[in-house]
Each structure stands twice: as structure tokens, then as C-alpha cells.
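J.: quick one, structure for this:
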Amino acid sequence: MFDRFTRSWELTKLSFGVINDDKELLLYPLLSVILSLGFLIALLYPTLWVSFSSDGSIEWGFVEIMVTFVTYLGVAFIATFFNVCIVFTAKTRFEGGNATVGQSFGFALSRIHLILGWATISATVGLIFRAIDHAAERLGGVGEIIVGILRSMLGMLWSAVTLFVIPAMVYKGLTPIPAIKDSIEVLKQTWGESLIRHVGFGLVQFLFLFLGGLAFGGLFSVMSPSGNMALVLFIVAALYFVGVVFVFFLAEMIFSTALYHYAANGKLAPGYDEDTMQGAFRIK
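T.: Prediction:
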């Protein structure tokens, strides 16, 4: 297990190299967050928030269900669009090219029907999970705990089986259902590596966030800044934490693309050696 984790970490470092070569990759998650926030503000403020009941809770009626679905659909569409841009950029780099932002946007637009289809499925699943959460809240007590655990397990399972959906859409132009099936097949081959990669990224990301929290917390405690100094320190801290999340998100996407790249056509991404990559796959 330790050897697998070590090999997985070595592979993830190569993902940072891809980000260094294609720094425009950082633009896509940033745009995704900005557009998603804009969408949520535009949609939620005049609709969902005004439906709060007198005790501060949200009435789970037909209108709220539809608004929730549209919210999930919009956010999923935006996220999927820019994830396609990321995977296409990484794919082009792995194939010896260098995709511009315009080319990545153009490719994503050419897959717009696939993106919409996948966003619709994601929104539907998200709505189902929200309904389960609502049912758990109504049960309360032990029932809420049990249903909550089952909901978490279903969420993890869904995240696992859809891990390679975006690469399948980019590489093969598959529609959502075939893309899910293809993702499951690739996951079967890379099961150990994919999960260790996910855990490894999560632990290292947590370490960076934890150390950042200690560092900035210490600075605030020791310096006791006020006015402009406090604002500057707060902005620097925010940029650090957002940067960590963005970089690790990109690294995970790039690693998934590298694994899929090898699974799809048997060709190594630049920088990945044969022995290491073959070690990521199960021998059938």
C-alpha cells in the first residue's frame, strides 16, 4: 500500500509540471467559480431566498424543487464546460501540442450538447441526493444518522464511477450514459491508483491548508493588524487558500486525464515512464 501511495504521489508531481507549462489552466476553475457565483446570485436571490418560511426554514414544495434543479443544472453546466476545457488542454499537451484558451473554448462549444446532457444527469442526481437529505432531516435522531451515512456512501460511489466521464467525453465524444460505462471500465483498471491518488491529493491539500491556517493565524495573532494592513493580510491569505484549492483541483483533473490517456490509446503522457504508468493498472 505504501509503495502504491508513493508511486501515486510521484505521478501527481508531474501534474504540477503540466500546470507550469500551461498556466492558462488556472484560468478555467477561476472563471468557473466566478460564473457559478454570478449564476447563483442571479437565480437564488429573487427566488429561493424569498420562499423562506417564517421560522427561517425553506419550504420543500414544487417551486423550490424546480428552483433547486435549475440551480444544480446551471452550476453543473458551468463546471462541466470548464472541466472539458481543462481536460482538452491537458490532452493537447500530452499529444505534443499547446492549446490556446480560444481553442479550448472552441472545443468545449463543439461538445456543448454532451456538456448539457451530463449537466442534466448531474443535476438530477444532485436533486435525488437533496431529497434524501431532506428525508433524513424529517426522520431525525437515529434515522437521520443512518440515512445520512447511506447518503454519504452513495455520494462517494457516484463520485468514483463518474471519475473519468469528462475525459471520455473529450477523448471519445461519448454521450453521458456511454461515458459513465466507459468511466467504470477505466476505473476497474485503475482502481487502486485512482483511489490512492484521491486520498493522497486530499491529505497533501489538507496539509497545505492546515499549515497555511497556522501561518496566517499566527501572523494575525502576533501582528494584530488593523486597517489597511489587516485587509492586505486577509487578501493574501484568501489568495493562498484559493490558490491551493485551484492547483490541487487541476492536478487531480490532469492526473485523471493522464490515466485515461494511457487507458484509451496505450500512449504515455510526456514525463510518465512505462513502468510507473503500467503499475497504475490492474493486470487482467
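J.: tally of neighbours for residue 39?
T.: Neighbour count for residue 39, taken as other C-beta atoms under 10 Å: 16. (C-beta placed from N, C-alpha, C; glycine too.)
J.: my guess is it contacts residue 72. True?
T.: No - look at residue 39 against residue 72 with C-beta atoms under 8 Å: they stay out of range, at 11.0 Å.
J.: find the residue closest to the residue nearest to the spatial centre of the chain in space, skipping its chain neighbours.
T.: Nearest to the mean C-alpha position of the chain, by C-alpha atoms, centre = their mean, lies residue 249 at 6.1 Å. Once flanking residues are discounted, residue 249 sits nearest to residue 29: 5.7 Å by C-beta to C-beta, 6 or more residues apart in numbering.
J.: any buried residues in the one helix or strand the one you found maps to, and which?
T.: Assigned by DSSP states H and E, residue 29 belongs to helix 27-44. In terms of neighbour count (16 or more other C-beta atoms under 10 Å), helix 27-44 has its buried residues at 27-29, 31-33, 35-36, 39.
J.: averaged over its residues, what pLDDT does stretch 26-40 have?
T.: For stretch 26-40, the mean pLDDT works out to 89.
J.: contacts for that stretch?
T.: Contact with stretch 26-40 is made by 19, 71, 74-75, 78-79, 81-83, 85-86, 89, 101, 104, 246-247, 249-250, as judged by C-beta atoms under 8 Å, 6 or more residues apart in numbering.
J.: got a quick ChimeraX command for the buried subset of those?
T.: To isolate the buried ones among the contacts of stretch 26-40 in ChimeraX, judged by 16+ other C-beta under 10 Å, type:
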select :19,71,74,75,78,79,81,82,83,85,86,89,104,246,247,249,250
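J.: the contacts of stretch 26-40 in helices, which ones?
T.: If you go by DSSP state H, the contacts of stretch 26-40 have 19, 71, 74-75, 78-79, 81-83, 85-86, 89, 101, 104, 246-247, 249-250 in helices.
J.: which strands and helices sit next to the helix or strand encompassing residue 91?
T.: According to DSSP H and E, residue 91 maps onto helix 62-94. Helix 62-94 sits against helix 2-21, helix 27-44, helix 101-110, helix 112-139, helix 165-172, helix 227-265, with contacts defined as 3 or more C-beta pairs under 8 Å, 6 or more residues apart in numbering; DSSP states H and E.
J.: average pLDDT for it, rounded please.
T.: Rounded mean pLDDT across helix 62-94 is 89.
J.: check the offset of it from the chain's centre.
T.: Between the centre of helix 62-94 and the centre of its chain there are 10 Å (C-alpha atoms, centre = their mean, to the nearest Å).
J.: adjust the sequence numbering to begin at 28 for everything that follows.
T.: Renumbered: residue one is now 28, and that last one reads helix 89-121.
J.: hang on, the earlier thing: of all the buried residues of helix 54-71, which two lie farthest apart?
T.: 54 and 66 (18.0 Å; C-beta to C-beta).
J.: low-confidence stretches in the stretch 128-277 of the chain?
T.: For the stretch 128-277 of the chain, applying pLDDT under 70 flags the ranges 217-230.
J.: go again with 80.
T.: For the stretch 128-277 of the chain, applying pLDDT under 80 flags the ranges 163-171, 215-234, 246-257.
J.: how about stretch 139-149: buried residues?
T.: 141-149.
J.: same check on stretch 146-159?
T.: Quick answer for stretch 146-159 (16+ other C-beta under 10 Å): 146-150, 152-154, 156-157, 159.
J.: then stretch 187-198?
T.: Applying 16+ other C-beta under 10 Å to stretch 187-198 flags 189-198 as buried.
J.: fine by me, thanks again.
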